[in-house]
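compute the structure for the input listed below.
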Amino acid sequence: MKYFFLTMSFLMLSCKADKKYHQVQEPGAFQGSDTSLQAIATFQKKLNAEFKNPETSPLPDRYRKNFETLHFFEADTSYTVQATLVRTPNTIPFEMPTTTNRKSKERVYGVLHFYLKGGEHQLEVYQNEELMQQEGYEDYLFLPFTDDTNGTETYGGGRYIDLEIPTGDSLLLDFNRAYNPYCVYNKKYSCPIVPAVNALNVAVRAGVKDFKPLEK
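Sure, this is the predicted structure:
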């Protein structure tokens, strides 16, 4: 999915998903400019394939053996928006708490400003100090967020989106590519906790829904 297992060891089984945050996918495979329904379908297909594959799946065997698909909201291009990136070059790295005792060393790379569902919003995007040293991930940005669906339709702790540093100040933000932290599927993963500043006061009904395991 996106940055699936960059290093299981690198982040001590850090959060993964679609090679998403602390999961790894091929370098350069982050959110792109294609906002079509077909592109969203392709993203979902790749994510499902990663969850089925025992080499890349965060699912315990008891869940993976019967796994067919993650639960997604219906693809909706109204959740794809053009955001303005305001860079914050002088920010000091900080230790982002995770679901375990591990701390994830991040810095605020910038702030995204955008309109969604009739409202104006902003979210911080982060760069991981260690990850940015890895080949292929120099331009990777991590976007964790919460919204009004958490705890009902989606995981209570929020979701993540993988992004890439743009050449200019405009960045395409597609919430159809929002995915769950890997610790939703397996408690052995250590996943960054969404900072309070990244709480959206809107229901984001796009991307991956909460996980409902199927056991037989």
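
now the helix or strand bottoming out on mean pLDDT in the chain - C-alpha only, PDB.
In the chain, no helix or strand scores lower on mean pLDDT, DSSP states H and E than helix 61-64, which sits at a mean of 93. The C-alpha coordinates for helix 61-64 follow below in PDB (Å, rounded to 0.1, in the frame of the first residue of the first chain):
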ATOM      1  CA  ASP A  61      -2.600 -15.800  10.700                       C
ATOM      2  CA  ARG A  62      -6.000 -16.500  12.300                       C
ATOM      3  CA  TYR A  63      -7.400 -13.400  10.500                       C
ATOM      4  CA  ARG A  64      -5.400 -13.500   7.300                       C
END
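
so what does it touch, helix or strand wise?
Using 3 or more C-beta pairs under 8 Å, 6 or more residues apart in numbering; DSSP states H and E as the contact criterion, no helix or strand is in contact with helix 61-64. C-beta here means a position set from N, CA and C on the backbone, and glycine is covered the same way.

list the strands paired with whichever helix or strand comes after that helix, with their directions.
Heading C-terminal from helix 61-64, the first helix or strand you meet, by DSSP states H and E, is strand 80-87. Paired strands of strand 80-87, with direction, are strand 103-116 (antiparallel), strand 170-174 (antiparallel) (DSSP bridges).

dump these to a markdown table, plus distance to N53 and mean neighbour count.
Output for these, formatted as a markdown table (distance: least, C-beta to C-beta, whole Å; neighbours: other C-beta atoms under 10 Å):
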| stretch | distance to N53 | mean neighbour count |
| --- | --- | --- |
| strand 103-116 | 25 | 18 |
| strand 170-174 | 24 | 18 |
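
quick one, which of these is nearest to G158?
Among the strands paired with strand 80-87, strand 103-116 comes nearest to G158, with 14.5 Å by C-beta to C-beta.

circling back: next one: the least confident helix or strand of the chain to chain centre, how far?
Chain-centre distance of helix 61-64: 22 Å, with C-alpha atoms, centre = their mean, to the nearest Å.

which positions in the longest helix along the chain come out as buried?
The longest helix of the chain (DSSP state H) is helix 37-52. For helix 37-52, a neighbour-count test (16 or more other C-beta atoms under 10 Å) marks A39, I40, F43, Q44, K46, L47, N48, E50, F51 as buried.

same question for stretch 118-126.
Buried positions in stretch 118-126, judged by neighbour count with 16+ other C-beta under 10 Å: H121, L123, E124, V125, Y126.

what does that stretch rub up against?
Contacts to stretch 118-126, defined as C-beta atoms under 8 Å, 6 or more residues apart in numbering, come from residues 85, 96, 106-115, 141-145, 163, 195, 197-198, 200-202.

then it to PDB, C-alphas only?
The C-alpha trace of stretch 118-126 is given here as PDB (Å, rounded to 0.1, in the frame of the first residue of the first chain):
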ATOM      1  CA  GLY A 118     -17.800  23.500   2.800                       C
ATOM      2  CA  GLY A 119     -15.300  24.200   5.600                       C
ATOM      3  CA  GLU A 120     -11.800  25.400   5.800                       C
ATOM      4  CA  HIS A 121      -9.300  23.100   7.500                       C
ATOM      5  CA  GLN A 122      -5.600  22.600   8.200                       C
ATOM      6  CA  LEU A 123      -3.400  19.700   9.100                       C
ATOM      7  CA  GLU A 124       0.200  19.400  10.100                       C
ATOM      8  CA  VAL A 125       2.400  17.000   8.000                       C
ATOM      9  CA  TYR A 126       5.500  15.400   9.400                       C
END
